[in-house]
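**Q** Here's my sequence, what's the structure:
(one chain, ligands or ions: 3)
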Amino acid sequence: MVFKVGLLGLGTVGTGTAKILLDAAQRHPLLQTLEIHKVGVRSLDKPRSVNLPEMCLTTDLEAIVTDPDIDIVVEVIGGLEPARSLILEAIEDGKHVVTANKAIISRYGNEIAEAAKKAGVYVLYEAAVGGGIPVIQPLQQALGVNRIDAVTGIINGTTNYILTRMQSEGGDFAPILADAQALGYAEADPTADVDGLDAADKIAILASIAFGGKIRREDVFTEGIRNVSASDVDYAKTLGFVIKLLAIAKQNPNADTIQLRVHPTLVPLKHPLASVNDVNNAVLVEGDPIGQVMLYGPGAGEGPTASAIVSDVMAIAATLHMESPAEEKLPNPLLSHAYSDYKTISPMEELESRFYLRLMVKDRPGVIGHLGEIFGRHHLSLESIVQIGLQDSLAELVIVTHEVREGEFQKAIAVLKDSADVDSIASVLRVLG
Ligand SMILES: NC(=O)C1=CN([C@@H]2O[C@H](COP(=O)(O)OP(=O)(O)OC[C@H]3O[C@@H](n4cnc5c(N)ncnc54)[C@H](OP(=O)(O)O)[C@@H]3O)[C@@H](O)[C@H]2O)C=CC1
Ligand SMILES: N[C@@H](CC=O)C(=O)O
Ligand code: NA
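**A** Ligands and ions are numbered 1, 2, ... in the order given. Modelled structure (predicted):
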């Protein structure tokens, strides 16, 4: 069974989406059931970094959303029109839709949901919030059993990238914004990022799911980062804070109202959101009974956003797969799995890692030299060696090695244990990285 995808847009996100769909090997088997049928663009002459059959490309987007061969339409052209009309036409034509368009979902999400319900199709938008981080689906499903108290997020990659670089380099935001645009993070009009409008779109979407009600987009209090200067970043640092553009949706205690706001905020350095840097996003969900859960990862860019798009396409393919005519009722392929082959696991002794080693050695001349010889014989080079203290007639040594094969390291340890210079090996731990 093959399900056909009509892709509207082949910019940053569209290109990433096409790359995944054209290279299905070693991904979820459902991806092998998906085929790009048509791709809609504005210009046929633009050089593209993905190889598509020439016949695929068209400037006639209407023809894609009404093409009877297409099962799923992916909208990644951005902006309000013609994107909204194309989505509604695709729905009316009985097609499932996947979109990354938070500007549309936050403003017209209810209209679109009603049309989708009427037509019996799905409209999914995981890529619209948090880029590649699964946020929408966890909030709707895995976290849906909780009563949500608050959703606090860093949900604009461009501004987080700008603020992080202002913090580390001490510069102003204009030239850094140009880099964010070149990296494909910013909106077509980056005002949406800098002035907090994009984050406001996203928190409106999250609040609607978390608190189970419609949100009027204009109700989100919105302040961007335009007035955050290099001095503010410096003073905040001196006071033990980092400045982040936070989007907050919060249940007011003992009231049937919520807070909904986006603004630059001084975040204490020890807060989990303080270490979310560069283009990364994070959404901290607080609920009952789960407590705090933080979803973290890349919030923008070609690959991450495409990952979210294709995950939605795959979820739709799973439902199409179950509906497809078959003698037996098919289980949902996303909820069931069975593998025929075992994976081969590398033997531990072949792995390479760094090691931390604490040992008690005799406090006498020449000991370090003897240990060095043993390490050298086993191709084990040391990153650091520190003598921590002296207990009775024993010296405590702490050693961190460079990368070494586990097998060689274990042989060196066996020799060390038998060495007359070594009293005991107090601990051996592996070092990450
Ligand atoms: N970039 C990112 O990291 C993220 C983006 N998003 C959202 O994804 C969407 C797409 O963003 P992005 O890929 O960055 O945008 P780009 O500007 O890179 O790409 C837009 C694509 O749509 C095509 N297009 C635009 N308008 C039309 C039109 N009227 N008719 C035909 N084709 C059109 C363009 O054609 P052509 O190539 O011929 O110019 C281009 O291929 C937006 O809604 C954005 O908010 C969401 C999460 C992250
Ligand atoms: N411009 C947006 C793109 C992803 O949603 C951002 O910077 O986060
Ligand atoms: Na996401």
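
**Q** Kindly confirm my reading that Ile425 is in a helix.
**A** No - counting by DSSP: H, G, I helix; E, B strand; the rest coil, Ile425 is located in no helix; its state is strand.

**Q** Show me the beta-bridge partners of it.
**A** Leu359 (DSSP bridges).

**Q** hang on, isn't it packed against Lys417?
**A** Yes - counting by Cβ atoms under 8 Å, Lys417 is a contact partner of Ile425 at 6.1 Å. Where you see a C-beta, it was placed from the backbone N, CA and C, and this is true even at glycine.

**Q** which one of these two has more residues nearby?
**A** Ile425 (14 against 11; other Cβ atoms under 10 Å).

**Q** Now do the contacts for that one.
**A** By Cβ atoms under 8 Å, 6 or more residues apart in numbering, the residues touching Ile425 are Leu357, Arg358, Leu359, Ile413, Leu416, Lys417.

**Q** try Val398
**A** Tyr356, Leu357, Arg358, Ser384, Ile385, Val386, Ile388.

**Q** residue ranges of the strands in the stretch 201-350 of the chain, please?
**A** In the stretch 201-350 of the chain, the segments counted as strands under DSSP state E, counting those that start in this stretch are 221-222, 241-251, 258-268, 280-288, 291-298.

**Q** quick one: which of those is nearest ligand 2?
**A** The minimum distance between ligand 2 and the strands of the stretch 201-350 of the chain falls on strand 280-288, with 6.9 Å, by Cβ to the nearest ligand atom.

**Q** which strands and helices sit next to the closest one?
**A** Here strand 280-288 touches strand 147-154, helix 157-169, strand 291-298, going by 3 or more Cβ pairs under 8 Å, 6 or more residues apart in numbering; DSSP states H and E.

**Q** Could you provide those in TSV, with additional columns for mean neighbour count?
**A** Below are the helices and strands packed on strand 280-288 laid out as TSV (neighbours: other Cβ atoms under 10 Å):
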stretch	mean neighbour count
strand 147-154	22
helix 157-169	23
strand 291-298	16
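
**Q** Mind putting those into JSON lines with mean pLDDT and distance to ligand 1?
**A** Below are those laid out as JSON lines (pLDDT from 0 to 100; distance: least, Cβ to the nearest ligand atom, whole Å):
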{"stretch": "strand 147-154", "mean pLDDT": "98", "distance to ligand 1": "14"}
{"stretch": "helix 157-169", "mean pLDDT": "95", "distance to ligand 1": "7"}
{"stretch": "strand 291-298", "mean pLDDT": "98", "distance to ligand 1": "9"}
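
**Q** nearest to ligand 3, of those?
**A** When the helices and strands packed on strand 280-288 are compared by Cβ to the ion, strand 291-298 sits nearest ligand 3, at 8.3 Å.

**Q** Could you provide the strands of the stretch 201-350 of the chain in JSON lines, with additional columns for distance to Asp60?
**A** Output for the strands of the stretch 201-350 of the chain, formatted as JSON lines (distance: least, Cβ to Cβ, whole Å):
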{"stretch": "strand 221-222", "distance to Asp60": "37"}
{"stretch": "strand 241-251", "distance to Asp60": "37"}
{"stretch": "strand 258-268", "distance to Asp60": "38"}
{"stretch": "strand 280-288", "distance to Asp60": "35"}
{"stretch": "strand 291-298", "distance to Asp60": "33"}
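
**Q** Neighbours of the residue lying closest to Ser311 once chain neighbours are set aside, how many?
**A** Nearest residue to Ser311, sequence neighbours excluded (Cβ to Cβ, 6 or more residues apart in numbering): Glu126, at 5.8 Å. The number of residues packed near Glu126 is 27, by other Cβ under 10 Å.

**Q** ok, now how distant is the residue lying closest to Val285 once chain neighbours are set aside from Gly94?
**A** In space, and not counting its chain neighbours, Val285 is closest to Val293: 4.9 Å by Cβ to Cβ, 6+ apart. Separation of Val293 from Gly94 (Cβ to Cβ, to the nearest Å) stands at 37 Å.

**Q** Same question for Pro138.
**A** Separation of Pro138 from Gly94 (Cβ to Cβ): 29 Å.

**Q** In terms of neighbours, single out the busier of those two.
**A** Each of Pro138 and Gly94 has its neighbours counted (other Cβ under 10 Å); Pro138 has more, 17 against 12.

**Q** Helix or strand: which one has that one?
**A** Assignment of secondary structure by DSSP states H and E places Pro138 within helix 136-140.

**Q** Packing partners of that helix?
**A** Judged by 3+ Cβ pairs under 8 Å, 6+ apart, helix 136-140 is in contact with helix 197-211.
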